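Engineer: using only what follows, build the 3D model:
(one chain, ligands or ions: 2)
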Amino acid sequence: MAHVLIAEARFYDHLNDLLIAGARRAIEAAGHTHELVTVPGALELPPAIARASEAGRFDAYVALGVVIRGETYHFEIVAGESARGLMALALDGVAVGNGILTVENEEQALVRADPAAKDKGGEAAVAALTLMTVAERFAA
Ligand SMILES: Nc1c(NC[C@H](O)[C@H](O)[C@H](O)CO)[nH]c(=O)[nH]c1=O
Ligand SMILES: CC(=O)[C@@H](O)COP(=O)(O)O
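Structural biologist: Ligands and ions are numbered 1, 2, ... in the order given. Next up, the predicted model:
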């Protein structure tokens, strides 16, 4: 049984609740356990997961959040840098799934967060568990 950290950037409560529900459903369906950590925004997800990975208590990590384009260039920074940070962790051996929605509006976010629709939270959880399995398969 694996223990999974769900790391959420709680910027939009109702959307995060849906993402977390999808991730929890996927993790539990695979027979694993999970716990949750909450940070303010997507930019804090990579450092939060980096710190958690140093604890050695988790086998996989699911990053969840929602970034909705506003009026300024900040969207590109938040969306791009959070994705880049998670990719850097993954390439460094952290089994992390990226469930950060980067969308134009709330309507796009809702259909992707909803477990009964595109279920991006569940998708990110499956990705994290898959990376964990790949690492186990090719471990030295
Ligand atoms: N606009 C959104 C943000 N912005 C906040 C940043 O992620 C970060 O918390 C802040 O810059 C302090 O470091 N975060 C989201 O997750 N979603 C957004 O739409
Ligand atoms: C993605 C964001 O940072 C965004 O929500 C911020 O909105 P704005 O660009 O209008 O400040």
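Engineer: list the contacts for the residue in the chain positioned nearest to ligand 1?
Structural biologist: Among the residues of the chain, Gly41 lies closest to ligand 1, at 2.2 Å counting by Cβ to the nearest ligand atom. Yep, even glycine has a C-beta here, placed from its N, CA and C like the rest. By Cβ atoms under 8 Å, 6 or more residues apart in numbering, Gly41 lies in contact with 9, 11, 65, 78.
Engineer: any idea of the pLDDT on it?
Structural biologist: The score at Gly41 is 98. That number is its pLDDT.
Engineer: cool, and Ala140?
Structural biologist: Model confidence at Ala140 (pLDDT) stands at 83.
Engineer: now the residue of the chain closest to ligand 1: phi and psi?
Structural biologist: Note on Gly41: backbone dihedrals following degrees, to the nearest 10 are phi -150, psi 170.
Engineer: over to Ala139?
Structural biologist: Residue torsions, per degrees, to the nearest 10, at Ala139 are phi -60, psi 140.
Engineer: quick check: residues of the protein near ligand 1?
Structural biologist: Near ligand 1, the residues belonging to the chain are 9, 11, 40-44, 65-68, 78 when assessed by Cβ under 6 Å from any ligand atom.
Engineer: mind listing the strands for the chain?
Structural biologist: 3-9, 33-39, 60-68, 96-103 (DSSP state E).
Engineer: give me whichever of the ones you listed is most buried.
Structural biologist: Highest mean neighbour count among the strands of the chain (mean count of other Cβ atoms under 10 Å): strand 60-68, with a mean of 27.
Engineer: please see if it touches ligand 2.
Structural biologist: Yes - using Cβ under 6 Å from any ligand atom, strand 60-68 reaches ligand 2 at 67-68.
Engineer: helices or strands next to that strand in the packing?
Structural biologist: strand 3-9, helix 13-29, helix 45-55, helix 74-91, strand 96-103, helix 106-113, helix 120-137 (3 or more Cβ pairs under 8 Å, 6 or more residues apart in numbering; DSSP states H and E).
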